[in-house]
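*Asks:* Predicted model and sequence below, questions to follow.
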Amino acid sequence: MIRPACVLAAVAALLSPPQGTVDALVLAQAFRAGNADQYKNRQVAGTGVNFHGVIAERTADGATRTSLVMTLGRVREGASAAIPIRTADEFITAERLRTTLVVALSGANLPGPTGTSPQTYEFSGIYDGQVRTIVRMGGSISTAPDTGPCKGEAPKAETSASFYCAPLLVNATASIKP
C-alpha cells in the first residue's frame, strides 16, 4: 500500500510547478506572450519605476487604497532581454510604441511616490491570475493595435484613451529604493 502512495506523491511533485520567487520581468514577458498561467499562485518580485503615479483602488468594502503600476522595461524586436527605462521620455516613447512591460501592484500599505520625478521601487506580491487595465500614456505613434482593456474591464463610456492589460500582484509590498 505504501508503494502506490509513493508513486502518486512522486507524480504530483513532478507535475506541480517549481516553487521559488519568479522575477517580475519574466512574468511580464510571459503575460505579454499569453502564457502567464504557469506562474499562477507564485511569489513574484522585482524592481520597477513608477511612471503612472498613485492610483486610487476601491476595495470591496468601499474604502480606497494606493495601487501602483511598475514599469519594468521595454521589449525590442529580436532582443531576448528587456531594455531598462530610466527617464520619463524613454517611458513615453515606449508607451507610444506599445513596448512597455509592466505589472500592477495591489496591497494594503503600498507607499506612494515621495517626489516629483519617477521613483524606483523594489516590490513583491502574488500573481493569482488577476489582471488590471492600464491607461496608455503619451498617445500613439505606432500603427500596431493596442491590446485594449482586460476582459470585463472596458470603460462604461466611449473614450479616446488607449488601454492595455497587465498582470496584477496581490498582497503586494513595495519600498522606494534610495
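*Replies:* Nice, thanks for sending it over. All values derive from a computational prediction rather than experimental measurement.
*Asks:* phi, psi of Leu27?
*Replies:* phi -60, psi -50 (degrees, to the nearest 10).
*Asks:* Let me see the ranges of the strands in the chain.
*Replies:* Using DSSP state E, the strands of the chain run over 22-23, 42-50, 55-58, 64-74, 100-106, 119-135, 163-176.
*Asks:* just checking, what packs against the second one?
*Replies:* Counting contacts by 3 or more Cβ pairs under 8 Å, 6 or more residues apart in numbering; DSSP states H and E, strand 42-50 is packed against strand 22-23, helix 24-33, strand 64-74, strand 100-106, strand 119-135. Heads up, the C-betas are built off the backbone N, CA and C, glycines and all.
*Asks:* give the contact list for the residue nearest the centre of the chain.
*Replies:* Nearest to the mean C-alpha position of the chain, counting by Cα atoms, centre = their mean, stands Val103 at 1.3 Å. By Cβ atoms under 8 Å, 6 or more residues apart in numbering, the residues touching Val103 are 24, 27-28, 44, 46, 48, 69-70, 72, 166-169.
*Asks:* run the last query once more with 7 Å
*Replies:* Contacts of Val103 were listed using Cβ atoms under 7 Å, 6 or more residues apart in numbering, and they are 24, 27-28, 70, 72, 166-167, 169.
*Asks:* That's all I had, so thanks and see you.
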